[in-house]
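*Asks:* Next input, structure requested:
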Amino acid sequence: MAQTAPFTPGQIWTYHGAAPASSRVIVGAVDTFAGKGQPIVSISVTDVPIPTNEKEMQTVAHLPVAADALRASVVELEGTGSVPDGFESGYRQWRQAYDSGKAGYFTISVEGIVRILRTQFDQRTTGQQPEMK
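*Replies:* Numbers count the residues shown, from 1 in each chain. Next up is the predicted model:
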């Protein structure tokens, strides 16, 4: 189903590599832009512990992802629901920046995005910088 189903706001999906397994992707918006070969899908990722300086973040409120990358990431459509708090403001900020040429979108898997976020936030909380070669 994930390979052919169009993404629509409110869809709740399981995804490859979810850790914990209860983590879900929720589709918040789907944008089609002239000159782009595919839509950009704005999602939230729930139940995804990411350490920060204050506490563990449990929800990533907004992430813009290329539809093809999201399609390769999702496994099963579980149903529909509403986006978490923070999605709308994150989406508006991204859309304004994107429309003015100052923001992009992810073209990698949701699992890969979460891994990057965990690494980046972990480095901020420990004060360690990645080793450069």
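*Asks:* When you work out contacts or count neighbours from here on, use the C-alpha atoms and nothing else.
*Replies:* OK.
*Asks:* For G81, give its distance to T8.
*Replies:* 11 Å (C-alpha to C-alpha, to the nearest Å).
*Asks:* Ok, A97 next?
*Replies:* Taken as C-alpha to C-alpha, the span from A97 to T8 is 23 Å.
*Asks:* Which SSE is immediately downstream of the lowest-mean-pLDDT helix or strand in the chain?
*Replies:* Every helix and strand in the chain was compared by mean pLDDT, DSSP states H and E; the lowest is strand 56-57, with a mean of 68. Using DSSP states H and E, the next helix or strand after strand 56-57 towards the C-terminus is strand 60-66.
*Asks:* where in this structure is pLDDT low?
*Replies:* Within the chain, the ranges that satisfy pLDDT under 70 run 1-4, 56-57, 122-133.
*Asks:* How many residues are close by the residue nearest to G86 when sequence neighbours are not counted?
*Replies:* Leaving out its chain neighbours, the residue that sits closest to G86 by C-alpha to C-alpha, 6 or more residues apart in numbering is A61, at 5.4 Å. As a burial measure, A61 scores 22 neighbours (other C-alpha atoms under 10 Å).
*Asks:* show me what contacts the closest residue to D68 other than its chain neighbours?
*Replies:* The shortest distance from D68 to any non-neighbouring residue, by C-alpha to C-alpha, 6+ apart, is to Q38 (7.3 Å). Contact partners of Q38, counting by C-alpha atoms under 8 Å, 6 or more residues apart in numbering, are 32, 66-68.
*Asks:* list the helices and strands the one helix or strand V41 maps to packs on?
*Replies:* For V41, the host element (DSSP H and E) is strand 40-46. Under the contact criterion of 3 or more C-alpha pairs under 8 Å, 6 or more residues apart in numbering; DSSP states H and E, strand 40-46 touches strand 24-31, strand 60-66, helix 67-73.
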